[in-house]
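Engineer: turn this into a structure:
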Amino acid sequence: MARETSEADAGMKGITFPAWHGNHYVTLAELLVRLGSFGLNLTWRVEFDEIVDPRCLEMKARSADAGMDTLTLLSLTTPFLQLVDAEARGFAGDELMVVLTEFDSSSWDVRAVDECVLSDLRRHYPDAEAL
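Structural biologist: Take a look at the predicted model:
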């Protein structure tokens with residue numbers, strides 16, 4: 001994936017964990033739900049290195065405009081949507097709050113301004129490691 005960590009998310013803490021847990025793939029939809037109330041009122045912009053599904057085109061179009069709310073993004077990622085290389089950035093106003101980066105359908109990196117979000121995700125994904 002060609003994206004580089006920007007200065008804006010350099011101050012964020014993060015975790016990384018495998019996207020596969022046995023036969024279960026952790027989807028973007030699952031991560032959005034796991035964010036709970038922290039992610040509910042964010043505006044999302046999603047970038048892809050590879051379009052793997054027609055829903056990706058809709059996410060790309062909405063991201064080019066003002067972004068989309070969490071429920072819209074959730075509706076576009078369910079049912080099961082496995083991404084190859086993608087990054088979802090959640091904003092509160094102009095402030096970047098969370099970055100969800102999926103690498104080659106094999107791992108997720110999650111960066112957030114709120115350590116509580118990462119702690120909660122560590123409980124759900126105990127194999128998570130600090131970035």
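
Engineer: for the helix or strand harbouring residue 100, name the packing helices and strands.
Structural biologist: Here residue 100, judged by DSSP states H and E, is contained in strand 95-103. Secondary-structure packing of strand 95-103 (3 or more Cβ pairs under 8 Å, 6 or more residues apart in numbering; DSSP states H and E): helix 7-10, helix 28-35, helix 37-40, strand 86-92, strand 107-112. For the C-beta atoms, the positions are set from N, CA and C on the backbone; glycine is no exception.

Engineer: kindly recompute the last result at 10 Å.
Structural biologist: In terms of contacts (3 or more Cβ pairs under 10 Å, 6 or more residues apart in numbering; DSSP states H and E), strand 95-103 is packed against helix 7-10, strand 13-18, helix 28-35, helix 37-40, strand 43-48, strand 86-92, strand 107-112, helix 115-124.

Engineer: nearest to residue 67, of those?
Structural biologist: Residue 67 lies closest to strand 43-48 among the helices and strands packed on strand 95-103, at 4.1 Å (Cβ to Cβ).

Engineer: thinking again about what came up before, make TSV out of the helices and strands packed on strand 95-103 and add mean neighbour count, distance to residue 66 and mean pLDDT.
Structural biologist: As requested, the helices and strands packed on strand 95-103 are arranged in TSV below (neighbours: other Cβ atoms under 10 Å; distance: least, Cβ to Cβ, whole Å; pLDDT from 0 to 100):
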stretch	mean neighbour count	distance to residue 66	mean pLDDT
helix 7-10	11	18	53
strand 13-18	17	26	96
helix 28-35	19	18	95
helix 37-40	15	17	94
strand 43-48	20	7	94
strand 86-92	20	10	95
strand 107-112	21	22	97
helix 115-124	14	24	96
